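Asks: any chance you could fold what I've pasted below:
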Amino acid sequence: MESPSGGFVKHILAQIDQTLLVGAPMLVLGEKDEDVPLSAVDAPTTASSAPAATTEPAPGTAAPAAPAPEPTPAPAQRKGRIMASPRAKRLAKELGVDLSVVTGTGPVGKTTEVHVRKAAETKAAPAPAPSVTAPAAPVAAAAAAQPSVPAASAALGTTVPVNRLQRITAERMLKSKQEIPCFYLTVQADVTDLVAQRTHLNTTGNIKISYNDFIMKAVALGLEKFPLMTGQLAGDKIALAEAINIGLAISVPDGLIAPIVKEINTKSITQIARDSQSLIERTRNDKLDLSDLEGGCITISNLGAFGIDSFIPIVVPGQCTILGIGRIAETCVPDSGNILLRKLMNMTLSVDHKVANGAYAAQFLDFVRKRLEDPSSLI
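Replies: Numbers count the residues shown, from 1 in each chain. I've put the predicted structure just below:
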């Protein structure tokens, strides 16, 4: 994380594995010989003033005239260096907010994105007209208390709030589209024997093996043979991955997460199944560690369960490629004058053209297809 300024760490305020709110203090910076007391970090709190007492007019008498509203004083400008995070500075520029009049409550008065957004909302909101009958504040408070509309029950014409996971996904996918020039390859694999092999293993074994387990094993073997598919452009060189770790896209209520199954090329199909099941369970129970999301060199996204025949997935930034898997469909296939009923599956590979060319990627995808068509090579 980029520090908003240079200096020396005086106090560490966060604990390991602690989850902090946006804008919460993490540590305190100061000059080398500066004595910064911990009490200086505490955010000032403003006590809410009690509402003024109102007097009901006596029956038959006129109500007293409402007092003229006092003019709102202009916010005082802060002098000296303005402490603000880089994201806060960027957001302030976008929203036209003057940071010199924004009061920050972060460490040593630092301004964060939260403060900038509040300042922008205050700036945009018109001052309410004085009213004798009823104040506008309770109405606004009641509106603010309304719960946000969940995506599952959203109705046409309403707005749906974007959660943190959706916002991060949107930022990363935009980065991918802007910085990764992709080309796309599609093949159709005959997985008739694979379906039979999986059924046999699940009938006789204790660990349930999914199609994704076979696919990850085939991809891992392909990456061993075509290591350039694990690479990332680094200046005038291509840096290859240190290990074959594969991301598995998993659907969760808030969006999509792709945790990493580690060192798949060194594991049996049963070990892969056991690890992936544990990873899926921890993902859906919100118990992932940061290490579960780092180090992937390729991602597999399977939408076959939703009846999708094929699709073009978007490469995850920091990886070279992603493999999209469609549903397994029974199809009539001609064979030496006969018609056979076979189980076919579409696979689409999105590839960063900065790292690999079409011929190299095509050989990789063809290798993966042949491994899936011969499942005995994956056991």
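
Asks: buried stuff in the helix or strand encompassing residue 368?
Replies: Secondary structure from DSSP states H and E places residue 368 in helix 358-373. With burial defined by 16 or more other C-beta atoms under 10 Å, the residues of helix 358-373 counted as buried are 361, 362, 364, 365, 367, 368, 369, 371, 372, 373. All C-beta spots, glycine's among them, are computed from the backbone N, C-alpha and C.

Asks: and stretch 235-255, by the same measure?
Replies: For stretch 235-255, by 16+ other C-beta under 10 Å, it's 238, 241, 244, 245, 246, 247, 248, 249, 250, 255.

Asks: need the contact list for residue 366.
Replies: Each residue near residue 366 by C-beta atoms under 8 Å, 6 or more residues apart in numbering is listed here: residue 187.

Asks: just the pLDDT at it, thanks.
Replies: Listed pLDDT for residue 366 reads 98.

Asks: show me which pair in the buried residues of helix 358-373 is furthest apart.
Replies: 361 and 373 (18.8 Å; C-beta to C-beta).

Asks: returning to what we had before: want to throw the buried residues of stretch 235-255 into JSON lines with distance to residue 264 and secondary structure?
Replies: Listed next are those as JSON lines, based on distance: C-beta to C-beta, whole Å; DSSP: H, G, I helix; E, B strand; the rest coil:
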{"residue": "238", "distance to residue 264": "21", "secondary structure": "strand"}
{"residue": "241", "distance to residue 264": "12", "secondary structure": "coil"}
{"residue": "244", "distance to residue 264": "6", "secondary structure": "coil"}
{"residue": "245", "distance to residue 264": "7", "secondary structure": "coil"}
{"residue": "246", "distance to residue 264": "5", "secondary structure": "strand"}
{"residue": "247", "distance to residue 264": "11", "secondary structure": "strand"}
{"residue": "248", "distance to residue 264": "10", "secondary structure": "strand"}
{"residue": "249", "distance to residue 264": "15", "secondary structure": "coil"}
{"residue": "250", "distance to residue 264": "16", "secondary structure": "strand"}
{"residue": "255", "distance to residue 264": "24", "secondary structure": "strand"}
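
Asks: and which of those is nearest residue 169?
Replies: When the buried residues of stretch 235-255 are compared against residue 169 (criterion: C-beta to C-beta), the nearest one is residue 255, at 5.5 Å.

Asks: so what pairs up with that closest one in the strands?
Replies: Bridge pairing for residue 255 (DSSP bridges) gives the partners residue 252.

Asks: next up, the contacts around it.
Replies: Applying C-beta under 8 Å, 6+ apart, we find residue 255 in contact with 163, 165, 166, 169.

Asks: so how far is residue 327 from it?
Replies: Counting by C-beta to C-beta, to the nearest Å, the gap from residue 255 to residue 327 is 22 Å.
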